[in-house]
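**Student:** with the input below, show me the fold.
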Amino acid sequence: MEALTAVDWTDPAIVESLLIPWGLRIVVAILIFLVGRWIAKWLTGLSRRMMTRGRLDEMLINFLANIVYLVLLVAVVLATLDHIGIQTTSLLAIFGAAGLAVGLALKDSLANFSSGVMIILFRPFKAGDYIEAGGTAGVVEEVRMFATMLRTGDNRAVIVPNSQIYDGTITNYSTKPTRRIDLVFGIGYDDDIAKAKQIMADILQQDERILDDPPPAIAMAELGDSSVNFNVRPWVNSGDYWPVRADLLEKIKLAFDANGISIPYPQRDVHLYQIEQTD
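**Tutor:** The predicted model follows:
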């Protein structure tokens with residue numbers, strides 16, 4: 001420290017031998033970093049386009065593109081440090097020694113990364129699928145290195161850690177082309193059972209979105225406490241599930257009302273008894 005303070009920094013020879021070379025190194029290092037980062041982005045975009053031409057899944061493309069960019073950026077940083085004069089070999093050794101401690105501290109992040117790799121490999125869902133996983137439900141937008149991006153039905157962005165998705169139960173509502181709608185309708189005990197079944201069958205037959213194969217099913221489910229319950233189970237294309245379900249509920253309710261079929265609700269009869277007291 002005393003040697004540095006003793007140096008006459010106003011001496012032109014000192015400036016020429018120390019400051020100018022170091023200044024040039026720093027300027028060139030900055031240029032290496034900026035140009036290298038641009039090249040990393042360009043190569044990442046190129047790899048993304050090649051994977052798109054290869055018709056890979058969009059979710060896989062985004063995941064691999066993020067990894068490619070991260071690896072290239074690390075290489076650019078190492079090249080920048082090496083030009084400045086920092087021994088990257090010893091630096092890598094230090095990073096390797098610290099990696100164990102960092103890995104233990106970031107074990108949850110590493111678990112998310114490994115879960116993301118497993119999701120990409122086994123592909124339980126793809127971008128655009130509607131899933132229920134990790135305690136939430138939504139449309140898959142992207143699987144990143146540590147988390148999966150979901151979009152809910154009311155257009156909220158939900159970020160779910162990959163480990164919560166892969167370690168739990170995944171329900172994919174989009175993987176199959178068809179779905180069954182499960183509805184339960186109850187009628188009163190005094191109502192005409194055959195007439196009620198015919199009304200529901202006619203409504204199902206009139207809806208062109210309901211599939212003929214497999215055929216819709218209407219069957220008595222149970223004799224409830226206050227109603228005779230029927231299971232109504234038509235099959236539809238997955239994209240028509242919610243619109244058809246809503247339409248059936250409305251149409252069957254209106255048809256029952258128009259034909260005098262009641263839909264009872266739980267009732268309780270209370271009987272009061274008066275006990276005469278005798279002296």
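**Student:** which parts of the stretch 101-250 of the chain are strands?
**Tutor:** Read by DSSP state E, counting those that start in this stretch, the stretch 101-250 of the chain holds these strands, from start to end of the chain: 130-133, 136-143, 147-151, 157-161, 171-172, 178-180, 183-187, 217-223, 228-233, 235-237.
**Student:** so where's the stretch 1-150 of the chain shaky on pLDDT?
**Tutor:** Along the stretch 1-150 of the chain, the parts satisfying pLDDT under 70 run over 1-23, 54-57, 59-60, 85-108.
**Student:** with distance to residue 251 and mean neighbour count added, can I get the strands of the stretch 101-250 of the chain in JSON lines?
**Tutor:** (C-beta placed from N, C-alpha, C; glycine too.) JSON lines is the format used below for those (distance: least, CB to CB, whole Å; neighbours: other CB atoms under 10 Å):
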{"stretch": "strand 130-133", "distance to residue 251": "25", "mean neighbour count": "20"}
{"stretch": "strand 136-143", "distance to residue 251": "27", "mean neighbour count": "19"}
{"stretch": "strand 147-151", "distance to residue 251": "31", "mean neighbour count": "21"}
{"stretch": "strand 157-161", "distance to residue 251": "34", "mean neighbour count": "15"}
{"stretch": "strand 171-172", "distance to residue 251": "28", "mean neighbour count": "14"}
{"stretch": "strand 178-180", "distance to residue 251": "18", "mean neighbour count": "16"}
{"stretch": "strand 183-187", "distance to residue 251": "11", "mean neighbour count": "18"}
{"stretch": "strand 217-223", "distance to residue 251": "14", "mean neighbour count": "12"}
{"stretch": "strand 228-233", "distance to residue 251": "11", "mean neighbour count": "18"}
{"stretch": "strand 235-237", "distance to residue 251": "14", "mean neighbour count": "18"}
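**Student:** of the ones you listed, which is nearest residue 203?
**Tutor:** With CB to CB, the closest approach to residue 203 among the strands of the stretch 101-250 of the chain belongs to strand 228-233: 9.2 Å.
**Student:** for residue 46, find the nearest of the strands of the stretch 101-250 of the chain.
**Tutor:** strand 136-143 (19.9 Å).
**Student:** that closest one pairs with which strands?
**Tutor:** Using DSSP bridges, the strands paired with strand 136-143 are strand 130-133 (antiparallel), strand 147-151 (antiparallel).
**Student:** by how many degrees do the last one and strand 157-161 diverge?
**Tutor:** Read that as strand 147-151. 150 degrees (axes from the mean of the first three to the mean of the last three CA atoms, to 10 degrees).
**Student:** before we move on, back to that, will you turn the strands paired with strand 136-143 into a markdown table that also has distance to residue 276?
**Tutor:** What follows is the strands paired with strand 136-143, written out as a markdown table (distance: least, CB to CB, whole Å):
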| stretch | distance to residue 276 |
| --- | --- |
| strand 130-133 | 62 |
| strand 147-151 | 69 |
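**Student:** residue 165 is nearest to which of those?
**Tutor:** Distances from residue 165 to each of the strands paired with strand 136-143 were compared by CB to CB, and the smallest falls on strand 130-133, at 4.5 Å.
**Student:** other residues contacting that closest one?
**Tutor:** Outside strand 130-133, the residues that touch it by CB atoms under 8 Å, 6 or more residues apart in numbering are 125, 137-140, 150, 160, 164-165, 168-174.
**Student:** quick one, helices of this protein?
**Tutor:** Using DSSP state H, the helices assigned to the chain run over residues 2-6, 12-14, 20-53, 58-84, 88-105, 107-122, 162-166, 193-206, 241-258.
**Student:** mind putting those helices into a markdown table with mean neighbour count and distance to residue 231?
**Tutor:** Converted to a markdown table, the helices of the chain look like this (neighbours: other CB atoms under 10 Å; distance: least, CB to CB, whole Å):
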| stretch | mean neighbour count | distance to residue 231 |
| --- | --- | --- |
| helix 2-6 | 6 | 87 |
| helix 12-14 | 9 | 92 |
| helix 20-53 | 13 | 46 |
| helix 58-84 | 16 | 37 |
| helix 88-105 | 11 | 53 |
| helix 107-122 | 16 | 35 |
| helix 162-166 | 22 | 33 |
| helix 193-206 | 15 | 10 |
| helix 241-258 | 15 | 13 |
